[in-house]
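Visitor: Below are the sequence and a predicted model; questions follow.
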Amino acid sequence: MTAARSEVVLAVADAIAVLVRPVPGGREERDEAAQAALRSAAQRDDLSIYRRPSDRPALGPPYHELGVSLSHRSDLLLAGFSPDAAVGVDIEAEDANGFDPIAFAADHFSKKEAAALAPLDSATALELCYRLWVAKEAALKISGRGIFDGLDEPDLAKHLNLIQIDGATMRLEAGSRLPPIALTVTRFAAPAEKPVYCALARELS
């Protein structure tokens, strides 16, 4: 098996998101790969990932228990870390086959977000849809419920300019299901690979 490589792809406040690839298929092995990558990137040898009874990943002392978040697609793993606050990450690989971003936005996003996507050409709508999708999933992981209650919150319609800039920081006020958070998104693509979208969210005090 090819040795896993890792790199920091996002940062906001004191939080980082590390991309690891390729990663093994088993959950325990993925957790170990994430732990090793975060220890290296954060230079914190005492960082230790375990699983709560709910199956949510968590950190052992002295760190914030919910200061870790993991997301994986195929052979990609995104691991988020903050020593002092809850974090959320999400990663998605673009798949345009049979996927209608405008219809998806109308069904799942806020009315203002859906209205913003509706007049866009297909390529622009697809990219913006994926950026919104990963941003929302990362933010909602901080709540502990993920997308269980839907993707209409957070409403990012006011942040559409920033969300299209790789690594830009958005600061969101508290919502009905979320605390105040800082949020950032990026998109990257290697030659002959589909674009990949990553998001990192950090709870703000």
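Guide: Nice, thanks for sending it over. Residues are numbered from 1 along each chain as shown.

Visitor: Quick one: mean pLDDT over the lengthiest helix in the chain.
Guide: Among the elements of type helix in the chain, defined by DSSP state H, the one spanning the most residues is helix 122-141. Helix 122-141 shows a mean pLDDT of 95.

Visitor: Could you tell me how far that helix lies from the centre of the chain?
Guide: Computed by CA atoms, centre = their mean, to the nearest Å, the chain-centroid distance of helix 122-141 equals 10 Å.

Visitor: How about stretch 71-80?
Guide: Taking CA atoms, centre = their mean, one finds the center of stretch 71-80 at 9 Å from the center of the full chain.

Visitor: what residues does that stretch touch?
Guide: When contacts are taken as CB atoms under 8 Å, 6 or more residues apart in numbering, the neighbours of stretch 71-80 outside the stretch itself are 9, 15-23, 30, 33-34, 37-38, 68-70, 87-93, 137-138, 196, 198, 200. All C-beta atoms are positioned from the backbone trio N, CA, C, and that covers glycine.

Visitor: Check which helices and strands the following helix or strand past the longest helix of the chain sits against.
Guide: Moving toward the C-terminus from helix 122-141, the next helix or strand (DSSP states H and E) is helix 160-163. Judged by 3 or more CB pairs under 8 Å, 6 or more residues apart in numbering; DSSP states H and E, the packing partners of helix 160-163 are helix 122-141, strand 169-172.

Visitor: Enumerate the positions of helix 160-163 that are buried.
Guide: With burial defined by 16 or more other CB atoms under 10 Å, the residues of helix 160-163 counted as buried are Ile163.

Visitor: got any ranges where this protein has weak pLDDT?
Guide: When residues are selected by pLDDT under 70, those of the chain lie in 1-2, 145-150, 190-192.

Visitor: Would you map out the domains in it?
Guide: Structurally, the chain divides into domains by automatic domain parsing as follows: 5-87, 91-203.

Visitor: what sits against Ala182?
Guide: For Ala182, the contact set (CB under 8 Å, 6+ apart) comprises 12-13, 15, 169-172, 201-202, 204.

Visitor: Look at Ala174 and say how many residues are nearby.
Guide: Counted with other CB atoms under 10 Å, the neighbours of Ala174 add up to 11.

Visitor: That one contacts Pro180, correct?
Guide: Yes. With contact defined as CB atoms under 8 Å, Ala174 counts as touching Pro180 (5.0 Å).

Visitor: joint contacts of the two?
Guide: Taking CB under 8 Å, 6+ apart as the contact criterion, Ala174 and Pro180 have no common neighbours.

Visitor: what residues are up against Tyr197?
Guide: For Tyr197, the contacting residues are 91-94, 130-131, 133-134, 185-187, taking CB under 8 Å, 6+ apart as the criterion.
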